[in-house]
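[1] This is the structure alone, sequence omitted:
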């Protein structure tokens, strides 16, 4: 009787193993199918991005060239204005303003010190 139970258990084990192998095989096929679909979608997406990116980069490059030209022209204009101002009487006035600022600062600090000295209580 033990042998019959052993054969019956081994038969059940072989059927269960067969069913599990078939289920794993089906799941593996489904996963491979989904991976193939994903690879196809990624390929299509990269093609679309590539087609859209090239004109965009050309536009950005052209915009950078235009802005660079404007900056160069503006820089040249600013240098011309600086040269004109440095040769005009305005340069003396601007230096005079900084000198008077320094003198005024010294005057007020001296006045403040004098007030502190004379306002001390004896």
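    The structure has been received and is ready for your questions. Note that the structure is predicted; figures quoted are calculated from it, not measured.

[2] Outside of stretch 64-84 itself, list whatever touches it.
    The contact list for stretch 64-84, computed with Cβ atoms under 8 Å, 6 or more residues apart in numbering, is empty. From N, CA and C alone the C-beta is placed, and that goes for glycine too.

[3] same question for the helix or strand hosting residue 117, mean pLDDT?
    Using DSSP states H and E, residue 117 sits within helix 90-118. Model confidence over helix 90-118, given as mean pLDDT, is 69.

[4] from the chain's centre, how far out does stretch 36-49 sit?
    Between the centre of stretch 36-49 and the centre of its chain there are 26 Å (Cα atoms, centre = their mean, to the nearest Å).

[5] Okay, helices next: where are they in the chain?
    Under the criterion DSSP state H, the chain contains helices at 2-87, 90-118.

[6] just for the chain, where's the confidence low?
    1, 85, 88-103, 120-122 (pLDDT under 70).

[7] ok so, going back, redo the helices of the chain as CSV? Include mean neighbour count.
    CSV is the format used below for these (neighbours: other Cβ atoms under 10 Å):
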stretch, mean neighbour count
helix 2-87, 10
helix 90-118, 10
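
[8] separation between residue 11 and residue 5?
    Using Cβ to Cβ, to the nearest Å, residue 11 is found at 11 Å from residue 5.

[9] for residue 117, same thing?
    Applying Cβ to Cβ to residue 117 and residue 5 gives a distance of 118 Å.

[10] go on, residue 63?
    84 Å.

[11] same question, residue 111
    For residue 111, the distance to residue 5 equals 117 Å [Cβ to Cβ].

[12] Could you do residue 66 as well?
    Using Cβ to Cβ, we find residue 66 at a distance of 90 Å from residue 5.
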